[in-house]
Every structure is written in C-alpha cells, then in structure tokens.
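**Q** Fold the following for me, if possible:
(chains A and B)
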Amino acid sequence: MASVTRVERPTQPPAGGSGYRRFMRTWEGQIWVLPFLIRFLLFYAGPFVYSFILGMGQWDIVGKYAFVGLSNYIELVSNDQVFARAVVNTLVYSAAHVLGTVFLGLLAALLLNEKVRAVSVFRTIFYLPSITPGVATAIIWISLLHPQGIINSVLLWMGVPRADLPTWFNSTTWAMPALIVMSLWNIGTIMIILLAGLQSVPQHLYEAASVDGANWRHRLRHVTLPMLTPSLFFVLIVGVIGSMQTFSSALVTTNGGPANSTMLVLLWLYRQGFDFYQMGYAAAIAWVLFVVIMIFTLAQFWLARRWVYYESGSVL
Amino acid sequence: MRGGAAVTTLTTSVQTIRKPVPLAVRSGRVLKTVLTYLALLLGCVIYIFPFFWMVTTSLKTVANIYLDPPQWIPAPAVWANYVEMWKVGKTGNWLINSTVVTGVSVVAITASSTVVAYGFSRFRWPGSRVQFVLLLSTLMLPGHMTIIPKYVMFNQVGWLDTLWPLIVPTLFGAPFFIFLLRQFFQTLPRELDEAARMDGASSFYVLTRVLMPLSIPALSTVAALTFVSSWTDFFEPLVYLGRPESQTWQVGLFWFRTFTTGGSGYSAGGTEASDPSNTMHLLMGASVVSITPMVIAFFLAQKQFIQGVALTGIKG
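**A** Numbers count the residues shown, from 1 in each chain, chains lettered A, B, ... in the order given. A predicted model of the protein is given here:
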C-alpha cells in the first residue's frame, strides 16, 4: 500500500456540477448518520424532556395530567419514608457491591496474571456468571440462600449453631447482606478489564524493580497498582453507575421486603410507575436518581486527580 | 527508555548466570505457585458451584431439594421435571418471542450501527461534531431515566404487549456500538477508501466491500455482545409486556417465580416475596433454558467476548 503514490483525487468534480452532487458533497455523512439522529430524538432527547414534564405533574395514564410544579420532589425529599429507606439501602448496596466486586475481581486478575496454565478455563469459569441472565441468577441464589439451603448446610458444618443460622432473604437483618453476597458472584467483567490492564504494564518496570531488590509485595505496591489505577478508576465509575440502578436482583429475590429492608430506588420507581400508575411521581424519582448518580460520578472524577496515575500525565 | 530496558535485562541475566538462585528463593517461588493454584481452584469451585446446583436441583424431586445433609447428585434424576416445567405457562411463546427479539436485534443493531459509524468515521458536514457529542452524551444517560416516558409513548401508539418496543429501536443503531465501530473504522487507513473511489466505487461499495471485510473482528464482537444483552434483557420487556403470551423468556421466568409458587405469590400489597420451595426444581429447569444460549454463545465466540469486554467494559 505504501508504494502507491498519492494522486490528487480527480473524482471531485469542479465547483458547480449538478444540484444532487453538490448536495451529496456536503450532506452525504448526514444521510448515513440519519438513523442515529432519529433514535436520538425519539428514544433519548424526546423522552428526556418528556420525563421532566411528567415529573412536574400528577398523572395515572388514564386520567388527565395535572401540573403540580415541584410538589412531587418536595414530597419525595421531605415526606416519603420508603424513598428515604430506598436511598440509604441503595447507597449501602452500591458501596458494598462495588468494593466487594472490585476487590475480588482484582484478586482473580492478579492470580491469573501469574503465568498460570489453563488461563482460559479459569477465566471462563469466573466470567460465565456475568453473562447469566439476572432472573436466573436470582432464582439460583434464592435456592442457595434458602434457610435450609446448601449455604446454611455449609455454615452448619463449619460449626455455626443451628439456632444462629441466618435466614437470608426472609429476615430484615440478613436480606441486604444476602443481596450483596449474591452480587459478588458477578466479577467476570471487572476481572477481564483489570486483567487487560495488568497485561499492559510494561515488563521493563518489573525488571527495573527487581534489580533494585523489590520483592513481590513492593512490586505490587509500587509498580502494579499505580499502573493499574486507570483501569481501577474505570471499573469503579462503571460499577457505581450500574449498581445505583440495581433492580432485577432485588425484584426477583425479595421485591424490596421484608419490611422494605431491600427496597432500592429503582424498585420504588417501578412500583410507583407500574403498580400504582403514578407516572409523575415515578418520573420525579428517576430525576432524583439521575442527579445522585451525576454527583457521585463527578465526585469520583474530582477525587481521581489524587490517586489515578496516567503515564501521559493528564486526567483522561 | 528503550535502551535502559535493554540494559536492565542484560544485567539481570548476567546476575542470574553468576549467582545461582538460592534454595530459599526457589522454594519460595514453588510455594507461591502452589498457593496461586490453590486460590484459583478454590475460587473456581465457589464460582461454578451455583451452576452445578442449578442443574442438579432441576433434576430432583421436590422432597429432595432442601435436605440435611444435602443431596449432591439427584437420585432419582427426574428428567420429567423439564416436561412439567414446559407446561407451567406460555413457555413456547416465551421462547419464540425471545428468539425473535434476539435474532432481529443481532442483525439489525450490527447493520444499523455499522451504517452510522461509517458516517461518523468518513464524512464531515455542518453539525457532524455536535452530533458526535450527542452520541457520547447518550452513553452517559442512565437507562432508567427514559423508561417512564417511553412506556407512556408506547402506550399511546398501542405497542404495549407487542414486541415492537424491543425491535423498532434496534433499527436505528445502538449508540454504544456506533461508538465502538466508529473507533474501529478510524484505525483503517483512508488510502483504502480513496483507492476504491478512484476506481469509481460508491460509498456503499466502499463500506460493504472495503471496510466491512476488514472489520470482521469488531463486527462479530458487536454481534456477540448484542446477542447477550438482548437475550438477558429484563427491565424493558418487563415494563412493556404484561400478557403472558407476549412475554420473553426472562419475563416469563419472573412471572413463573412470582405467581405460580405455592399459590400466594406476592401478598396483596405487593410488598413481600413468597418462598418458591414447591417449584424450585421447575424454576431451576427454566433457568437452565435461560442460561444455555449464553453458554453456547460464549464457547463459540470466546475471543470476541473477552476482547469486547476488555475493550468496552460493558456487562454483556
């Protein structure tokens, strides 16, 4: 290819030409991109604006829309006990899920990076839960965490007294931990991203560290982890955004119960919208969640300046 | 930098030759390898166990599901459970609906995203930069933000309880894959396009005969990730599809878990989840059906998945 001499394109007709050609010369790209533009207007921008209008009103779909200003938001923030509970639960779940999965995913990636044999077998086993449909995952874990289920059998065998066995999804104390334990099964995506990050750490850094007498702990602390911070930052951002929108696992296992101990924000949105048909109120919940997610994401970008190391010396 | 690396490699190898590795260091290395494998094996046993439990439970009699001590291998193995599972609901419809939605999505999303990505990659027109920024902004919009307005919209056009809300948007490209493919097209040299154009090729020819054959890895990654996300999709089908015969497999599975479990299902207020002990073997069988396509897809296209995830970091 390189040997081909670049020639000025003779295909460009001189200025003028037919109207169609002139039009295509300027706008052909727009025609290719038209599908996206339609999708953007119909399924992103339109609904986005519409949800803002909905959030300012009261509407049960069948009746008439009534404009109520900010009262949905005022009700949510000042009066809705379940929503307050859902916000706290979502933050607890999100923190535990993100820290837990990133820790386990990092551990798996570090182990797989140790030039082990049959990497692809191990990788497959750790990854498969990530492409398991959420409803199936929840059903499997309902069974595993049943009061007479296999996990309690193992706890019994390990010496936990029968009276102290947790009843997991059936108990107000243990339902949230059960939800978190279940979510720790999904480390595959994080593991693969971190493994790719680990494999891109330049080998000469390790060699230089070894020459300076660094043992594996030094290498981990001063070479591997600093070089991995961009990947870690990425999985944290994606993890927080995703876990704040957790829905199906809580819906299928407990539906928010017992006594709202696993009520999450999106579950409350779903119930307001599709059980009670409070479209305005549900749209308002969506907006509050959106703002919370934005704040957490921006805060992470701000904090990133202190701990994420970019070789090129710039943040993103 | 390069020279430095070469020098360090040289010094290390020289040192290795001069001083044989002390026994303590060597046995330390062996110990480290052994511990690595032990940790990986333990992790794998834990992560694969839920799958094992799902398959064995699906073959057990009801009485044998929660035994103490647990029954590891189903005895008797009741294959008729799968026949019984098939009769619990509109399983035939669920399977057909899921297959249709997934099949259409894979073809339509891959094709339409390619078209739009080509436009963004190879053309400039007034507004092209703005539209690319819009594309990026849709990636940051959480999915829950638009669910309420979209439900209202689909209700107004009479598309609820049909597959149209799941199919129509796929015809207009998926923003994430547009971005991914656009980035890939950027890596293909423009000289290829220009050479074809000098021979009088149309834009369509350039895309389909020049660029796409070179993009098979990226296109198959998009197809594989679409296959998973479309088959496992739950939130949107759940919201749009109320009638059992219009549901997809995932929604049907949830419906089955909720309303056919020992009679009660969710209590009147819709707040407490029931204990599906009586039908757990059937639910596990339905979960096996829901997971099998994912496992097959993964083994057929393992490379595409791993590359795609490392590249993009989305959950399948």
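**Q** which stretches of the chain form strands?
**A** Using chain A here. A:57-58, A:66-67 (DSSP state E).
**Q** Quick one: closest of these to B:V62.
**A** Distance to B:V62, taken as Cβ to Cβ, is lowest for strand A:57-58 among those, at 47.2 Å. For every residue, glycine as well, the C-beta is placed using N, CA and C.
**Q** which residues touch the closest one?
**A** When contacts are defined by Cβ atoms under 8 Å, 6 or more residues apart in numbering or on different chains, strand A:57-58 is touched by residues A:Y65, A:A66, A:F67, A:V68, A:N72, A:Q278, A:G280, A:Y281.
**Q** winner for burial among the strands of chain A?
**A** By mean neighbour count, with neighbours taken as mean count of other Cβ atoms under 10 Å in any protein chain shown, strand A:57-58 ranks first of the strands of chain A at a mean of 18.
**Q** Would you agree B:W72 falls within a helix?
**A** No. Looking at B:W72 with DSSP: H, G, I helix; E, B strand; the rest coil, it is coil, so not inside a helix.
**Q** so where is the stretch 201-316 of chain B shaky, pLDDT-wise?
**A** B:260-274, B:311-316 (pLDDT under 70).
**Q** at 50 what do you get?
**A** B:262-270, B:314-316 (pLDDT under 50).
**Q** Which stretches in it count as helices?
**A** Using DSSP state H, counting those that start in this stretch, the helices of the stretch 201-316 of chain B run over B:203-205, B:212-214, B:216-232, B:235-240, B:249-259, B:280-300, B:302-312.
**Q** The longest one and chain A, are they touching?
**A** Yes. For helix B:280-300 and chain A, the contact criterion (Cβ under 8 Å from any Cβ of the partner chain) is met by B:M280, B:L283, B:M284, B:A286, B:S287, B:S290, B:I291, B:M294, B:V295, B:A297, B:F298, B:F299.
**Q** Generate the PyMOL command that creates a selection of the buried members of those residues.
**A** Command for PyMOL that selects the buried part of these, burial taken from 16 or more other Cβ atoms under 10 Å in any protein chain shown:
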select buried, chain B and resi 280+283+284+286+287+290+291+294+297+298
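**Q** Dump the residues of helix B:280-300 next to chain A into JSON lines; add distance to A:A286 as well.
**A** Converted to JSON lines, the residues of helix B:280-300 next to chain A look like this (distance: Cβ to Cβ, whole Å):
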{"residue": "B:M280", "distance to A:A286": "34"}
{"residue": "B:L283", "distance to A:A286": "31"}
{"residue": "B:M284", "distance to A:A286": "34"}
{"residue": "B:A286", "distance to A:A286": "31"}
{"residue": "B:S287", "distance to A:A286": "30"}
{"residue": "B:S290", "distance to A:A286": "28"}
{"residue": "B:I291", "distance to A:A286": "31"}
{"residue": "B:M294", "distance to A:A286": "29"}
{"residue": "B:V295", "distance to A:A286": "34"}
{"residue": "B:A297", "distance to A:A286": "32"}
{"residue": "B:F298", "distance to A:A286": "33"}
{"residue": "B:F299", "distance to A:A286": "38"}
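**Q** The residue of the stretch 201-316 of chain A found nearest chain B: how many residues sit nearby?
**A** Proximity to chain B, evaluated over the stretch 201-316 of chain A using Cβ to the nearest Cβ, is greatest for A:H204 at 3.5 Å. Using other Cβ atoms under 10 Å in any protein chain shown, the number of residues around A:H204 comes to 16.
**Q** what's the average pLDDT for stretch B:179-196?
**A** For stretch B:179-196, the mean per-residue pLDDT is 92.
**Q** That stretch: end-to-end distance?
**A** Stretch B:179-196 has an end-to-end distance of 25 Å (criterion: Cα to Cα, to the nearest Å).
**Q** quick one: buried residues of it?
**A** By neighbour count on 16+ other Cβ under 10 Å, the buried set for stretch B:179-196 is B:F179, B:L180, B:L181, B:R182, B:F184, B:F185, B:L188, B:D193, B:E194, B:A196.
**Q** on that earlier part again, could you save the strands of chain A as CSV and add columns showing mean pLDDT?
**A** Converted to CSV, the strands of chain A look like this (pLDDT from 0 to 100):
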stretch, mean pLDDT
strand A:57-58, 94
strand A:66-67, 92
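**Q** Quick check: which of the ones you listed is nearest to A:R25?
**A** Judging the strands of chain A by Cβ to Cβ, what sits closest to A:R25 is strand A:57-58, at 47.1 Å.
**Q** and that closest one, which strands flank it?
**A** strand A:66-67 (antiparallel) (DSSP bridges).
**Q** can you list contacts of the strand it pairs with?
**A** Contact with strand A:66-67 is made by A:M56, A:G57, A:Q58, A:W59, as judged by Cβ under 8 Å, 6+ apart.
**Q** swap in stretch B:169-177?
**A** With Cβ under 8 Å, 6+ apart, stretch B:169-177 has contacts from A:35-36, A:38-39, A:42-43, B:104-105, B:108-110, B:112-113, B:115-117, B:135, B:138-139, B:222, B:225-226, B:312, B:314.
**Q** Among those residues, name the buried ones.
**A** By neighbour count, with 16+ other Cβ under 10 Å, the contacts of stretch B:169-177 hold A:35-36, A:39, A:43, B:104-105, B:108-110, B:112-113, B:115-117, B:135, B:138, B:222, B:225-226, B:312, B:314 as buried.
**Q** Now, those residues that are in helices?
**A** Within those, residues falling in helices by DSSP state H are A:35-36, A:39, B:104-105, B:108-110, B:112-113, B:115-117, B:135, B:138, B:222, B:225-226, B:312.
**Q** Now do the contacts for residue 97.
**A** All of this refers to chain A. Residues near A:H97 by Cβ under 8 Å, 6+ apart: A:I180, A:S183, A:L184, A:G239, A:S243, A:T246.
**Q** other chain: chain B
**A** By Cβ under 8 Å, 6+ apart, the contact list for B:N97 reads B:L163, B:S246, B:Q247, B:T248, B:W249.
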